[in-house]
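A.B. asks: Take this sequence and fold it.
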Amino acid sequence: MKAHFIGGGIGSLAGAAFMIRDGGVNGQDITIYEKQPLFGGSLDGARLPDGSYTLRGGRMLTTDHYECTWGLLSSIPSQADPSRTIREETVAFNQDYKAHSQARLVDRNRHKVDVSSMGFTMHDRIELVRLAEASEEKLGDSRITDWLSPAFFETNFWYMWQTTFAFQPWHSAVELKRYLHRFMSEFPRIETLAGVKRTVYNQYDAIVRPLSSWLSERGVRFIGEAAVTDMDFVEEGGTLRVSRLVMAPDSAVGSVTLAADDLVFFQNGSMTDASSLGSMTAPPKPLTRSDSQGWALWEKIAKGRPEFGNPAAFNSSIPESYWASFTATCRTPAFFDKMEAFTGNAAGTGGLVTFKDSRWLMSVVLYHQPHFIDQPGDVQVFWGYALHPDRIGDFVAKPMSECGGAEILQELCGHLNFERGVFDHATCVPCRMPYITSMFMPRKKTDRPLPVPKISKNLGFISQFVEVADDVVFTVEYSVRAAQTAVYELMNIKKVIPPITRHDKSLSVIAESLEKAFA
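C.D. replies: Model (predicted):
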């Protein structure tokens, strides 16, 4: 048996590791195809030729959740310190640098907002409980705004929850319900982000590099610049078997004919598809899936096969799934010094700072430094994003989507009332992501395929766009859990997949949440 993974993101890397660790597969029998030259998918991080750094984003972790992810990372040695696993390294790091935000929200007058209260009225509380307790069947493909009144979206809770997880009012009510249950233990501490854990470095350096090295050492084949454009299927006993992978003409390898017992794992869809970078003087190009062809394979194989899902539910409205991020590389300590003095948090302990009255709805986060393994000692890197990049700025008279990095830093200085000189010699790289919250779009349950559809004999789906009961998308855990589920099912591995920790069933968590809701 040979295994073929289409897409080089965390789902494929995790799936390959589970096959080796739990299925006893020889790594030489596993191939991962990625149309980009770099592997890691959305967990990226890079140094540009001018010495600037760029991140599309960073997924937040928590040791109270992410059962499959920590189970995997407990098996993989850290690249920085091979004597410890990635999990051990991450736990130790977060014991030394505990998150406790002291400036979670900042208003238009540069005042830190008192977020000890969630700002709920009784009507808000009733509506939120009604949504949280509704069945997924009843919620269907409704939007959050179908369940919550306009005043709810002005509460402290919404500003913090929205920007922590990147929700928009028009997103799926089902996804918000799942988040409310999955992260109920975070609700009582949402204003401090005390439950958030971060890796020592960015997640490409801290997770993708060591995991890729572990796989390479075991013989896994990584083939970059290899785009799979189609799959041929044969029907066998009422099920469909992938018999051939069709590669793009310019791919690094030719098309692949599969044996009867070979397996295929497909990362269908991508939240960072069609991403583009700008510069200090130019905004990112407005690309779409037509430019990238990143959704084309899923669209092709799902046509006429409803069991393979409905990509149109997720990729049909860029204005509803788009936001922009930026990465700033500081070559003097001026900004970090002033920001730490303003927030009261040392870099790496504060989490997101959200400018709640910003027309762009801008947030920034100062990471513990260095954030990249190769980062020079006199360089500091921070990241930010805006949920409304198509709105005119407060201090720059144009949408963020039309701004270069210098204008983004100007807007940030305006909100903080910092002199522009704090960014002398700094560079800022903006990033446009048209599908970044596409997995939050309102959808029916059938719009996402199961990790192994019932009609499939050898094809598994491993992405943010599969149906995993009770778990939440836009997390590393979702991709890892989907991969573990698909691998175990197709390989008939009898080991138990770690169950989701039901903090929403804990009496102490429920009591703490009620106390916070009525504060």
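A.B. asks: okay, now the closest residue to Cys413 other than its chain neighbours: neighbour count?
C.D. replies: Nearest non-adjacent residue to Cys413, counting by Cβ to Cβ, 6 or more residues apart in numbering: Arg420, 5.5 Å away. From N, CA and C alone the C-beta is placed, and that goes for glycine too. Counted by other Cβ atoms under 10 Å, the residues lying close to Arg420 total 11.
A.B. asks: my read: Arg420 touches Gly414, true?
C.D. replies: No. Using Cβ atoms under 8 Å, Arg420 is not in contact with Gly414; the gap is 9.5 Å.
A.B. asks: For the stretch 301-450 of the chain, which segments count as helices?
C.D. replies: For the stretch 301-450 of the chain, helices defined by DSSP state H, counting those that start in this stretch occupy the ranges 312-315, 318-321, 334-343, 405-416.
A.B. asks: which stretch among those comes nearest Lys444?
C.D. replies: Lys444 lies closest, by Cβ to Cβ, to one member of the helices of the stretch 301-450 of the chain: helix 312-315, at 7.1 Å.
A.B. asks: Go through that closest one and flag the buried ones.
C.D. replies: In terms of neighbour count (16 or more other Cβ atoms under 10 Å), helix 312-315 has its buried residues at 313-315.
A.B. asks: Turn those residues into JSON lines, including distance to Ala328 and pLDDT.
C.D. replies: What follows is these, written out as JSON lines (distance: Cβ to Cβ, whole Å; pLDDT from 0 to 100):
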{"residue": "Ala313", "distance to Ala328": "35", "pLDDT": "98"}
{"residue": "Phe314", "distance to Ala328": "30", "pLDDT": "98"}
{"residue": "Asn315", "distance to Ala328": "30", "pLDDT": "98"}
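A.B. asks: do you know how far the closest residue in space to Leu193 that isn't next to it in sequence is from Leu73?
C.D. replies: Distance criterion Cβ to Cβ, 6+ apart; nearest residue to Leu193, sequence neighbours excluded, is Gly351 at 3.6 Å. Separation of Gly351 from Leu73 (Cβ to Cβ, to the nearest Å): 21 Å.
A.B. asks: Need the helices of the stretch 301-450 of the chain in TSV (columns: distance to Thr62).
C.D. replies: Shown next, in TSV, are the helices of the stretch 301-450 of the chain (distance: least, Cβ to Cβ, whole Å):
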stretch	distance to Thr62
helix 312-315	25
helix 318-321	25
helix 334-343	21
helix 405-416	28
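A.B. asks: hmm, back to that, looking at the buried residues of helix 312-315, spot the one nearest Met160.
C.D. replies: Met160 lies nearest to Phe314 out of the buried residues of helix 312-315, by Cβ to Cβ, at 25.8 Å.
A.B. asks: I'd assumed Ser321 was in contact with that closest one.
C.D. replies: Yes. The pair Phe314 / Ser321 is scored as a contact, 7.4 Å apart, by Cβ under 8 Å.
A.B. asks: The helices of the stretch 301-450 of the chain: which one's closest to Ala92?
C.D. replies: Ala92 sits nearest to helix 334-343 of all the helices of the stretch 301-450 of the chain, at 23.1 Å, using Cβ to Cβ.
A.B. asks: Please list all residues in contact with Lys454.
C.D. replies: Counting by Cβ atoms under 8 Å, 6 or more residues apart in numbering, Lys454 makes contact with Glu307.
A.B. asks: which SS state does it fall under?
C.D. replies: State at Lys454, reduced to three classes by DSSP: H, G, I helix; E, B strand; the rest coil: coil.
A.B. asks: what about it, distance to Tyr385?
C.D. replies: In terms of Cβ to Cβ, Lys454 sits 39 Å off from Tyr385.
A.B. asks: and what of Arg56?
C.D. replies: Relative to Tyr385, and taking Cβ to Cβ, Arg56 is found at 9 Å.
A.B. asks: who's more crowded, the two?
C.D. replies: It is Tyr385, of Arg56 and Tyr385, that has more neighbours when counted by other Cβ under 10 Å, with 25 against 22.
A.B. asks: what number of residues lie near Thr229?
C.D. replies: By other Cβ under 10 Å, the residues close to Thr229 number 16.
A.B. asks: Skipping adjacent residues, who's closest to Ala308 in space?
C.D. replies: Quick fix: residue 308 is Phe, not Ala. Ala302 (4.1 Å).
A.B. asks: what pLDDT does the one you found get?
C.D. replies: pLDDT recorded at Ala302 is 98.
A.B. asks: Likewise for Gly57?
C.D. replies: For Gly57, the pLDDT comes out at 88.
A.B. asks: right, and it touches Ser325 too?
C.D. replies: Yes. Between Gly57 and Ser325 there is a contact under Cβ under 8 Å: 5.6 Å.
A.B. asks: what do the two both touch?
C.D. replies: Residues touching both Gly57 and Ser325 by Cβ under 8 Å, 6+ apart: 383, 385, 433.
A.B. asks: just curious, which of the residues you listed is nearest to Ser270?
C.D. replies: Once Cβ to Cβ is applied, the member of the shared contacts of Gly57 and Ser325 that ends up nearest Ser270 is Met433, at 10.1 Å.
A.B. asks: contacting residues around that closest one?
C.D. replies: Contacts of Met433 by Cβ under 8 Å, 6+ apart are 56-57, 271-272, 274-275, 322-325.
A.B. asks: among those, which are in strands?
C.D. replies: When DSSP state E is applied, those are split such that 323-325 fall in strands.
A.B. asks: Most neighbours among these, which one?
C.D. replies: Result: Ala324 is most packed of the ones in strands among the contacts of Met433 (other Cβ under 10 Å), 29 neighbours.
A.B. asks: Grab the nearest non-local neighbour of it.
C.D. replies: Pro389 (4.0 Å).
A.B. asks: So which residues of the stretch 301-450 of the chain form strands?
C.D. replies: With DSSP state E, counting those that start in this stretch, the ranges of strands along the stretch 301-450 of the chain come out as 323-330, 353-355, 362-366, 380-386, 427-433.
A.B. asks: Go through the ones you listed and name the closest to Pro169.
C.D. replies: Nearest of the strands of the stretch 301-450 of the chain (Cβ to Cβ): strand 323-330, 13.7 Å.
A.B. asks: wait, what's in contact with Thr85?
C.D. replies: Residues in contact with Thr85 (Cβ under 8 Å, 6+ apart) are 73-78.
A.B. asks: any chance you could read off phi and psi for it?
C.D. replies: phi -80, psi 170 (degrees, to the nearest 10).
A.B. asks: now swap in the one 10 residues further on and tell me
C.D. replies: When quoted as degrees, to the nearest 10, the phi and psi of Gln95 stand at phi -70, psi -30.
A.B. asks: So Leu514: helix, strand or coil?
C.D. replies: Leu514 is classified as helix under three-state DSSP.
A.B. asks: mind checking pLDDT for it?
C.D. replies: Value for Leu514, per-residue pLDDT: 92.
A.B. asks: where does it sit relative to Lys300, distance-wise?
C.D. replies: 49 Å.
A.B. asks: What is the burial count for Val242?
C.D. replies: Residues near Val242, counting by other Cβ under 10 Å, number 22.
A.B. asks: what's it in contact with, if anything?
C.D. replies: By Cβ under 8 Å, 6+ apart, the contact set of Val242 is 231-233, 258, 262, 264, 458-459.
A.B. asks: Generate a PyMOL selection restricted to the buried subset of these.
C.D. replies: The buried residues among these can be selected in PyMOL (16+ other Cβ under 10 Å) with this line:
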select buried, resi 231+233+258+262+264+458+459
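A.B. asks: Which member of the contacts of Val242 is positioned nearest Leu287?
C.D. replies: Of these, the one sitting nearest to Leu287 (Cβ to Cβ) turns out to be Met231, at 25.1 Å.
A.B. asks: and the closest one, what are its bridge partners?
C.D. replies: Counting by DSSP bridges, Met231 is bridged to Leu245.
A.B. asks: Could you do the one 5 residues further on as well?
C.D. replies: Note on Glu236: beta-bridge partners by DSSP bridges are Thr239.
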